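In: sequence first, predicted coordinates after that:
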Amino acid sequence: MFRQSSALICPFCEASAAYRIRPPQWQSTRSAATLHKRRPSRMNLSPNVARGPPQTEVSGKPIRKSRNSPFGGMNQTEPPRPGYGIKNPISASEQKRAGRFAKDKPDKDGKEPMKALKMQRALASVSYEARGRVKQTLQDLDSFEQFDLLPVLKESVSTQALGGMIDVSPTPVQRVAIPALLGTEDGKRRKRKEGLAEGEKKEMQQFLLAAETGSGKTLAYVLPILDALKRAEKAEAETERTLAAQQQAQPHTTNNRLFDLEVEPPPVPGLNAGRPRAIILLPTSELVAQVGALLKSLSHTVKFKSAMLSTAFTSTVIRSRLFHPGGVDVVVSTPHLLSSITESDPNVLSRVTHLVIDEADSLLDRSFSPITSSIIDRATPSLQQLILCSATIPRSLDTYLQKRFPAVKRLVTPNLHAIPRRVQLSVVDIDKLPFQGNRDLACAQTIYDIGKEGPEEVAAGEGEREGGKEKKIVVFVNEREKASELTGFLRGKGIDAMALSRDSEERGQTEVLAEFTGASIGATARRLQQGRLEAASSLQQVKPAPMTGLQRLLAPSTPAPGPISSRSLPGVKVLVTTDLGSRGIDTILVRHVVLYDVPHTSIDFIHRLGRVGRMGRRGRGVVLVGKGDRKDVVAEVRGGMFRGVALI
Ligand SMILES: Nc1ncnc2c1ncn2[C@@H]1O[C@H](COP(=O)(O)OP(=O)(O)OP(=O)(O)O)[C@@H](O)[C@H]1O
């Protein structure tokens, strides 16, 4: 369908390769100038990239683009060299030990693929055979209509959950997870056992839902849970009606009442307050706001009550939401907050049938695990489904599951642990000129390079919805102290940068993030504002007295980014963040991430680069590497991304 034409090299800019391939109708009807204005993104890979740069007219020499820039190593036709020209910093004994796990064959140069990543042993492996099997089962599912969901839920997917998107089809994780969670994998709905024999233990289903970042995992578990809640609600109402009818039909006398079975009285209004039937746990209040917003939008049509609990709200607001007299069906919270609530009121977990541990790789790691596990334990007596959801399966999680939940059903998508090929990763060597080891400067220059590049490609209709053509860049740092320091530096260089870390003011975080998550700009800001208004009205807070000079000095050092210098970079907004901003945040507006530090593991690479390339979008990552950095790891990640294989 596409034809090659050398006449279509754009005379207005130096990047020519991407314009050489065009559909035939473009060649005949449009001038080169029109093509330049309307060109698709430079990220359309052309098979001609290997031909090298064009020759200049004057010198006849090729135009050389510096490789030490965000666009330096792009459009390569061969995977980057492993080792990246440095000595392997891992000892011989470590290499020998790792050899036991090396199942992959050496490549054609005799080098073992992903050797450095294997040393880190961060991710559990999923065999390509298993991935292939899943791929085959997904082929026939291409519409939400094919799922055994309640009609109102199917309608609400596009109108409520996906903001009016038309022609929606389920993503791979939704195709894998929805039938499994509904219990309709074989096409028929399995009936849950109602009564239990004496001594029989109620079976709790356990699922691990693992899929690549930005692939719609939230909707994959939310839809089946809401379906189960609505069906249970309907069944309960029917049972009550039948019992009431039976009672009315039976002529009761004082004598035969002695032998009647005890009938549960109808529920008293307010009895379900503080006793949700589903709980979704997330690691941060930003994610609570994100998932809470999705539930809120679905609740308008599906009719259920949800409560968002996080430290962004005052205790009065939290209490009034959870113990609302109208009852609550779904609670979204962080484990710490829920745990402290359940300590004072254990009944909160007494009716939970569905428990979701989202971002399970974080919530079941060493720091969160004790608290998350204790919530699981306390909810277990009433639980019907425990759903763990994650973008990665670290080895630690794998081991935990084997010990704690050996019967867990793993719902894994074929592309798990692979960073999509539509995301490109380039490397900037900070030790080379002009940076000479100055990482801050390299970061600022990278942002300038991205900002100065042509306008961002925005799909039709996305412009207005996603905040216009302003470029949003996320910079990841490893240490949280660095976030505010770097923000100050970038602002000094005229870049509109904001910091987001645990040091940032809790309330401001959601607002800052809203600028990068697009679809939820209005909703998140409104919810935050609403939370504040509720907090203000319930507490009738008085404005705090202005701080004295000494108080100001002693106040915690929240980011004081300072003014933006006069050398400004218009149309670019930068968010400097730590791992806090890398988990689960749906940054659909972001096309570029800068990895200021080399991430510690492949897990961090997946999460951080996962902020771009979400739901089929394209994206770029730029990693800054210096003397002490694991260049071999970076090279292997790039190689894996180039080949489209899973990281290990
Ligand atoms: N079937 C679908 N079609 C189109 N867009 C979808 C579909 N399902 C979900 N989305 C959108 O995809 C985006 C990413 O969804 P979500 O945040 O659930 O991803 P995720 O897999 O949980 O990501 P992460 O691993 O980073 O947490 C959201 O903007 C959501 O609205």
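Out: Cool, the structure landed. Residues are numbered from 1 along each chain as shown.
In: got the residues of this structure near the ligand?
Out: Within the chain, the residues that sit near the ligand (Cβ under 6 Å from any ligand atom) are 162, 168, 170-171, 174, 211, 213-219, 391, 519, 584, 586, 588, 610, 614-615. For every residue, glycine as well, the C-beta is placed using N, CA and C.
In: buried subset of those residues, written for PyMOL?
Out: The buried residues among the residues of the chain next to the ligand can be selected in PyMOL (16 or more other Cβ atoms under 10 Å) with this line:
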select buried, resi 162+170+171+174+211+213+214+215+216+217+218+219+391+519+584+586+588+610+614
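In: narrow the residues of the chain next to the ligand to those in strands?
Out: If you go by DSSP state E, the residues of the chain next to the ligand have nothing in strands.
In: just the ones of the residues of the chain next to the ligand in helices?
Out: Among those, the members found in helices (DSSP state H) are 174, 217, 218, 219.
In: contact partners for the second one?
Out: Spelled out, it's residue 217. Contacts for residue 217 were tallied using Cβ atoms under 8 Å, 6 or more residues apart in numbering; they are 173, 177, 209, 211, 358, 389, 391.
In: looking at the residues you listed, which is nearest the ligand?
Out: residue 391 (3.7 Å; Cβ to the nearest ligand atom).
In: quick one: contacts for the closest residue to the closest one other than its chain neighbours?
Out: Excluding its sequence neighbours, the residue lying closest to residue 391 (Cβ to Cβ, 6 or more residues apart in numbering) is residue 213, at 4.6 Å. Residues near residue 213 by Cβ under 8 Å, 6+ apart: 391, 606, 607, 609, 610, 611, 613, 614.
In: could you measure from residue 213 over to residue 282?
Out: With distances taken as Cβ to Cβ, to the nearest Å, residue 213 is found 15 Å from residue 282.
In: what does residue 599 give?
Out: Residue 599 is 22 Å from residue 282, by Cβ to Cβ.
In: higher neighbour count, the two?
Out: Higher neighbour count among residue 599 and residue 282: residue 282, with 27 against 22, using other Cβ atoms under 10 Å.
In: what does stretch 639-648 rub up against?
Out: The contact list for stretch 639-648 (Cβ under 8 Å, 6+ apart) reads 76, 79-80, 82, 113-114, 117-118, 122-123, 125-126, 415-421, 423-425, 602, 605-606, 637.
In: helix or strand: which one has residue 351?
Out: Using DSSP states H and E, residue 351 maps to neither a helix nor a strand.
In: just give the closest residue to it, not the sequence neighbours.
Out: Using Cβ to Cβ, 6+ apart, the closest residue to residue 351 is residue 275 (4.3 Å).
In: now swap in residue 276 and tell me
Out: Here the residue nearest residue 276, using Cβ to Cβ, 6+ apart, is residue 331, at 4.2 Å.
In: just give me the neighbour total for the one you found.
Out: 28.
In: give me the pLDDT for the closest residue to residue 383 other than its chain neighbours.
Out: Computed as Cβ to Cβ, 6+ apart, the closest residue to residue 383 that is not its neighbour in sequence is residue 204, at 4.8 Å. As predicted, residue 204 sits at a pLDDT of 92.
In: over to residue 112?
Out: 67.
In: what ranges does the stretch 201-350 of the chain have for its helices?
Out: Ranges of helices in the stretch 201-350 of the chain, per DSSP state H, counting those that start in this stretch, are 217-249, 285-302, 315-322, 335-344.
In: ok, residues contacting the helix or strand hosting residue 497?
Out: For residue 497, the enclosing helix or strand under DSSP H and E is strand 496-500. Applying Cβ under 8 Å, 6+ apart, the contact partners of strand 496-500 are 475, 483-484, 486-487, 490-491, 509, 512-513, 515, 559, 561, 564, 568-569, 572-578, 580-581.
In: repeat for stretch 159-178
Out: By Cβ under 8 Å, 6+ apart, the residues outside stretch 159-178 that reach it are 134, 137-138, 141-144, 147, 149, 157-158, 207, 209, 211-212, 215-217, 219-224, 294, 297-298, 300-302, 411-415, 465, 519, 615.
In: buried set for it?
Out: Buried-residue list, stretch 159-178, by 16+ other Cβ under 10 Å: 160, 161, 162, 170, 171, 172, 173, 174, 175, 176, 177, 178.
In: how far away is the second one from residue 304?
Out: It refers to residue 161. Look at residue 161 and residue 304: by Cβ to Cβ, they are 14 Å apart.
In: can you list residues touching both of those two?
Out: Shared contacts of residue 161 and residue 304, counting by Cβ under 8 Å, 6+ apart, come down to residue 298.
In: mind listing what residue 607 touches?
Out: Residue 607 neighbours (Cβ under 8 Å, 6+ apart): 213, 391, 392, 579, 582, 583.
In: next step: the contacts of stretch 639-648 restricted to strands.
Out: 423, 424, 425.
In: just give the number of residues close to the nearest residue to the last one once chain neighbours are set aside.
Out: In this structure, residue 425 finds its nearest non-sequential neighbour in residue 621, 4.4 Å apart by Cβ to Cβ, 6+ apart. Each residue near residue 621 was counted by other Cβ under 10 Å, and the total is 27.
In: wait, is residue 621 part of a strand?
Out: Yes: looking at residue 621 with DSSP: H, G, I helix; E, B strand; the rest coil, it is inside a strand.
In: follow-up on the earlier one: dump the contacts of residue 217 to a markdown table, plus pLDDT.
Out: Formatted as a markdown table, these follow (pLDDT from 0 to 100):
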| residue | pLDDT |
| --- | --- |
| 173 | 96 |
| 177 | 96 |
| 209 | 97 |
| 211 | 96 |
| 358 | 97 |
| 389 | 97 |
| 391 | 96 |
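In: which two from those end up farthest apart in space?
Out: Longest distance between any two of those is 13.6 Å, between 177 and 391; criterion Cβ to Cβ.
In: any idea which helix or strand comes after the helix or strand of the chain with the lowest mean pLDDT?
Out: Across the helices and strands of the chain, mean confidence by mean pLDDT, DSSP states H and E is lowest for helix 549-554: a mean of 35. Past helix 549-554, further along toward the C-terminus, the next helix or strand under DSSP H and E is strand 572-577.
In: which elements pack onto that next one?
Out: Under the contact criterion of 3 or more Cβ pairs under 8 Å, 6 or more residues apart in numbering; DSSP states H and E, strand 572-577 touches helix 439-452, strand 471-476, helix 480-492, strand 496-500, helix 506-517.
In: given it, what are its sheet partners and their directions?
Out: strand 471-476 (parallel), strand 496-500 (parallel) (DSSP bridges).
In: now the angle from the last one to helix 480-492?
Out: Calculated by axes from the mean of the first three to the mean of the last three Cα atoms, to 10 degrees, strand 496-500 forms an angle of 170 degrees with helix 480-492.
In: I'd like the strands paired with strand 572-577 as a markdown table, with mean neighbour count, mean pLDDT and distance to residue 368 appended.
Out: A markdown table is the format used below for the strands paired with strand 572-577 (neighbours: other Cβ atoms under 10 Å; pLDDT from 0 to 100; distance: least, Cβ to Cβ, whole Å):
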| stretch | mean neighbour count | mean pLDDT | distance to residue 368 |
| --- | --- | --- | --- |
| strand 471-476 | 25 | 95 | 20 |
| strand 496-500 | 25 | 91 | 20 |
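In: turn the ones you listed into JSON lines, columns for distance to residue 375.
Out: Shown next, in JSON lines, are those (distance: least, Cβ to Cβ, whole Å):
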{"stretch": "strand 471-476", "distance to residue 375": "29"}
{"stretch": "strand 496-500", "distance to residue 375": "27"}
